[in-house]
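Visitor: Provide a 3D model corresponding to the input given below.
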Amino acid sequence: MSEASDLEGLCVVCGKNCDDDLLLLCDGCDKPYHTYCVTGCLCCKKRPNLFGKVPAVPEGDFFCKLCSGRMPKCEDPSKAYSVAYSFGCNEGGQLGIGEEGKSSNKNVPTLVEDLQGVEVKQMCLGGWDSYVLTTAGEVYSCGDGTQGKTGHSDIIHEGLPRFRKIDKLDLDQRPQIDGEVIHIACGRTYCSAVVENGALYTWGDGEKGQLGHQSLTCKKTPTKISALVELEFAVQSKIVCGWEHMLALSKDAGYVGDEILMSWGSGKMGQLGRGDVKDKWVPQLLNPTNTYDLG
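Guide: Numbers count the residues shown, from 1 in each chain. This next block holds a predicted model:
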């Protein structure tokens with residue numbers, strides 16, 4: 001951690017230079033933060049409510065929320081684990097190249113240097129955000145953080161221009177029985193992750209019930225769908241996320257037929273297959289006498 005006692009500049013969250021003894025520099029971007037502003041919003045300048053507590057200056061290196069959780073750096077590009085390029089709109093930082101805003105849009109493939117340090121198993125893309133699943137079962141995200149799309153509780157109004165690990169999906173943050181993350185899929189403004197035992201985690205926009213949590217609220221971090229657990233519905237690795245709805249295929253759950261399909265979320269065009277045009281905020285079991293293949 002860098003010393004900030006004679007720092008020239010203001011806290012990037014609150015815009016003040018008071019409390020010098022609580023001011024510290026990020027070792028990643030060199031920007032100054034008060035300890036009580038570390039997880040504050042860089043857009044609206046709102047600070048977290050710490051209920052009067054003032055966090056002490058941490059010992060050792062300090063990385064702000066935009067610099068923490070980075071992928072391991074690849075020192076030798078010739079020995080990169082993965083090589084990926086991104087291009088197109090980058091207004092929310094979804095290309096993962098360390099930039100954001102209209103001026104950073106790319107009309108030619110641009111190397112994503114961060115991905116050279118991990119072995120990529122799968123990638124998926126939302127409307128303004130991107131996700132990577134590594135062979136180690138770790139999930140990283142970047143892009144627009146509104147509605148909790150990136151899965152980080154402290155990235156809500158800002159864009160995340162470089163990939164950051166979603167800590168809530170780490171195995172030490174979940175029941176050990178879950179196992180590792182084996183598949184990810186995302187819709188326009190939400191994302192999902194399947195773990196080895198068939199449990200399903202979702203986060204982001206839940207306005208149409210597409211998260212499956214029996215509510216229409218957003219989830220800032222990955223949350224297990226309890227209704228599937230109660231039904232003993234073990235999701236296969238293949239799930240499908242539409243614009244605002246989801247389809248999930250079960251493993252052997254004891255129902256008639258080899259595989260069972262469930263759907264939930266927006267049903268205004270009949271996309272849930274329920275014979276109506278109603279939204280469903282809880283996973284709905286479709287005809288158990290049929291078998292399905294999600295491809």
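Visitor: Over to residue 178: give its phi and psi.
Guide: When quoted as degrees, to the nearest 10, the phi and psi of residue 178 stand at phi -60, psi -40.
Visitor: ok, it - contacts?
Guide: 171, 195-197, 199 (CB atoms under 8 Å, 6 or more residues apart in numbering). Heads up, the C-betas are built off the backbone N, CA and C, glycines and all.
Visitor: again, only using 10 Å
Guide: Residue 178 is in contact with 169, 171, 194-199, 201, 224, counting by CB atoms under 10 Å, 6 or more residues apart in numbering.
Visitor: for residue 216, same thing?
Guide: 205-210, 279, 281.
Visitor: That one: which element?
Guide: Counting by DSSP states H and E, no helix or strand carries residue 216.
Visitor: still on that earlier bit, could you export the contacts of residue 178 as TSV, including neighbour count and distance to residue 48?
Guide: As requested, those are exported to TSV (neighbours: other CB atoms under 10 Å; distance: CB to CB, whole Å):
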residue	neighbour count	distance to residue 48
169	25	22
171	15	27
194	23	32
195	24	30
196	16	34
197	16	34
198	21	35
199	21	30
201	25	24
224	18	25
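Visitor: In strands, which of those fall?
Guide: The strands, defined by DSSP state E, take in 194-195, 201, 224 from the contacts of residue 178.
Visitor: just those residues now: which is nearest residue 31?
Guide: Using CB to CB, residue 201 comes nearest to residue 31 of those, at 31.6 Å.
Visitor: Just list whatever residues bridge to the closest one.
Guide: Beta-bridge pairing of residue 201 under DSSP bridges involves residue 193, residue 224.
Visitor: Go ahead and confirm it touches residue 195.
Guide: Yes - counting by CB atoms under 10 Å, residue 201 does reach residue 195; the two are 7.2 Å apart.
Visitor: so what sits against both of these two?
Guide: Between them, residue 201 and residue 195 share the contacting residues 169, 174, 178, 181, 222, 224, judged by CB under 10 Å, 6+ apart.
Visitor: Quick check: the two most widely separated of these?
Guide: Farthest-apart pair in the shared contacts of residue 201 and residue 195 is 181 and 224; separation 12.1 Å (CB to CB).
Visitor: anything in contact with each of those two?
Guide: Going by CB under 10 Å, 6+ apart, residues that sit against residue 181 and also against residue 224 are 174, 193, 195, 201.
Visitor: Relative to residue 165, which of the residues you listed is nearest.
Guide: The closest of these, once distances to residue 165 are taken by CB to CB, is residue 193, at 12.8 Å.
Visitor: Could you report the neighbour count for that closest one?
Guide: 27 (other CB atoms under 10 Å).
Visitor: was I right about it contacting residue 170?
Guide: No - with contact defined as CB under 10 Å, residue 193 does not reach residue 170; the gap is 11.5 Å.
Visitor: show me where the protein has helices.
Guide: 226-230 (DSSP state H).
Visitor: okay, now the domains of it?
Guide: Following automatic domain parsing, one finds the domains of the chain at 8-68, 77-165, 171-285.
Visitor: got any ranges where the protein has weak pLDDT?
Guide: Applying pLDDT under 70 to the chain flags residues 1-8, 252-258, 287-295.
Visitor: Look up the closest residue to residue 144, ignoring the ones flanking it.
Guide: residue 92 (3.1 Å; CB to CB, 6 or more residues apart in numbering).
Visitor: what residues are up against that neighbour?
Guide: Residue 92 neighbours (CB under 10 Å, 6+ apart): 100-101, 126-130, 142-146, 149-150, 158-161.
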